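this one's sequence-less:
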């Protein structure tokens with residue numbers, strides 16, 4: 001795996017041509033595997049003999065993984081993403097109440113207001129400059145970060161620092177010293193956030209988690225509290241940030257598909273689902289571990305091996321999504337519910353925030369293209385710099401023109 005990341009789709013196609021499961025070398029020469037095929041991944045994600053707890057990670061349990069390993073946080077953070085069975089159900093139940101359909105729908109008005117305010121800022125920034133604006137930094141990032149911090153009760157002054165540190169912690173191309181320093185600083189910041197909410201509790205998720213911790217009885221420990229806050233903040237904004245970025249880029253480079261939405265032949269929600277399939281915001285997510293030698297699609301995954309979930313590959317698996325799986329098609333008949341993408345997970349660890357992410361992205365896209373119907377990329381799509389690392393899948397920036405100007409060269 002290239003620690004610097006890059007566009008995954010060419011490599012995915014090559015790997016899928018060989019099979020649904022592949023052996024990979026992770027940073028630091030750690031042996032791993034990736035499940036790429038749609039049906040294989042669906043089976044793997046829900047398999048009873050696949051664990052998330054890092055005590056099943058053989059090399060880590062034997063002390064052969066150094067502290068500065070860039071992917072170590074994915075394995076060792078305490079929370080839902082590294083818990084199994086009853087522990088996982090306990091932690092998920094503490095958070096799940098904030099993501100019921102009723103509570104998510106209650107956020108709609110606030111999300112619409114924040115979206116409109118951010119677009120005001122986007123327009124001002126474009127007018128004050130040369131007519132271009134980085135939509136990723138000015139819009140796709142602050143929308144989900146603001147929403148998840150509101151939900152948690154995290155003060156706005158922490159948002160920029162939280163994004164910077166969380167990006168460093170989940171990167172795959174950081175050096176050992178940088179990785180350890182970022183992890184230490186982020187955990188300290190989250191502890192400070194928790195302490196502030198404990199002093200001034202409110203009607204928010206962080207306060208509810210702190211109350212569960214302080215009640216005792218084993219419902220939530222301090223490390224689990226910090227790990228849950230980390231998960232909520234990272235997953236609560238990084239995935240939606242990449243989703244909105246990828247959707248805008250896809251629509252700008254496929255104007256015929258944008259036309260289908262404008263004409264009413266497709267919905268903005270269809271754009272969100274097709275983007276999740278075609279250009280998943282998460283490419284290779286760490287880690288799961290077979291608790292015994294496990295055969296998936298004819299390939300053995302040895303017990304204790306760290307396995308990546310290859311979401312970006314599964315989304316373009318032609319065996320599941322048809323021969324045109326490489327095409328961005330918001331009305332594609334192969335993308336029905338029978339072969340629904342897996343980009344938000346599957347099985348017991350299915351993303352709790354999926355309804356919120358879908359709502360945020362749908363509102364963001366509809367308001368953006370309604371307000372700026374002539375919006376287009378300011379550079380060719382192929383020239384956009386890629387997001388660092390192989391976990392997230394997106395571009396590092398998204399420069400756009402809100403109105404006609406100097407057109408970018410052909411993509």
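Arrived safely, thanks for sending. Nothing here was measured: the structure is a model prediction, and the numbers come from that model.

Regarding this protein, what is its longest helix?
Assignment by DSSP state H gives helix 222-253 as the longest helix of the chain.

Check which residues of it are buried.
224-253 (16 or more other CB atoms under 10 Å). From N, CA and C alone the C-beta is placed, and that goes for glycine too.

before we move on, what about stretch 304-319?
304-318.

With stretch 376-389 instead?
376-379, 381, 384, 386-389.

Kindly present the residues you listed as CSV, with separate columns for distance to residue 65.
As requested, these are exported to CSV (distance: CB to CB, whole Å):
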residue, distance to residue 65
376, 46
377, 41
378, 42
379, 40
381, 38
384, 34
386, 27
387, 25
388, 22
389, 18
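
in the protein, which helix or strand is least confident?
Lowest mean confidence among the helices and strands of the chain (mean pLDDT, DSSP states H and E): helix 159-170, at a mean of 87.

which helices and strands does that helix pack with?
On a contact count with 3 or more CB pairs under 8 Å, 6 or more residues apart in numbering; DSSP states H and E, helix 159-170 meets helix 72-76, helix 142-152, helix 176-199, helix 222-253.

could I get those as TSV with mean pLDDT and distance to residue 367?
Listed next are those as TSV, based on pLDDT from 0 to 100; distance: least, CB to CB, whole Å:
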stretch	mean pLDDT	distance to residue 367
helix 72-76	92	34
helix 142-152	93	10
helix 176-199	89	30
helix 222-253	93	11
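
and residue 211, which of these is closest to it?
helix 176-199 (9.1 Å; CB to CB).

ok, back up a step: sort out for me which of the buried residues of stretch 376-389 are in strands.
With DSSP state E as the criterion, strands contain 376-377 from among the buried residues of stretch 376-389.

and which of the buried residues of stretch 376-389 is nearest to residue 265?
Nearest to residue 265 among the buried residues of stretch 376-389, with distances taken as CB to CB, is residue 376, at 21.1 Å.

is that closest one in a bridge, and if so with what?
Counting by DSSP bridges, residue 376 forms beta bridges with residue 401.

which one of the buried residues of stretch 304-319 is nearest residue 171?
residue 308 (15.1 Å).

list the contacts for residue 393?
Each residue near residue 393 by CB atoms under 8 Å, 6 or more residues apart in numbering is listed here: 5, 8, 242, 246, 279-283, 312, 387.

Can you tell me how far it is from residue 115?
23 Å (CB to CB, to the nearest Å).

can you pull the buried residues of the least confident helix or strand of the chain?
By 16+ other CB under 10 Å, the buried positions in helix 159-170 come out as 159, 162-163, 165-170.

Would you mind putting these into a markdown table with distance to residue 361 alongside?
Formatted as a markdown table, the buried residues of helix 159-170 follow (distance: CB to CB, whole Å):
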| residue | distance to residue 361 |
| --- | --- |
| 159 | 19 |
| 162 | 20 |
| 163 | 18 |
| 165 | 24 |
| 166 | 19 |
| 167 | 19 |
| 168 | 25 |
| 169 | 24 |
| 170 | 20 |
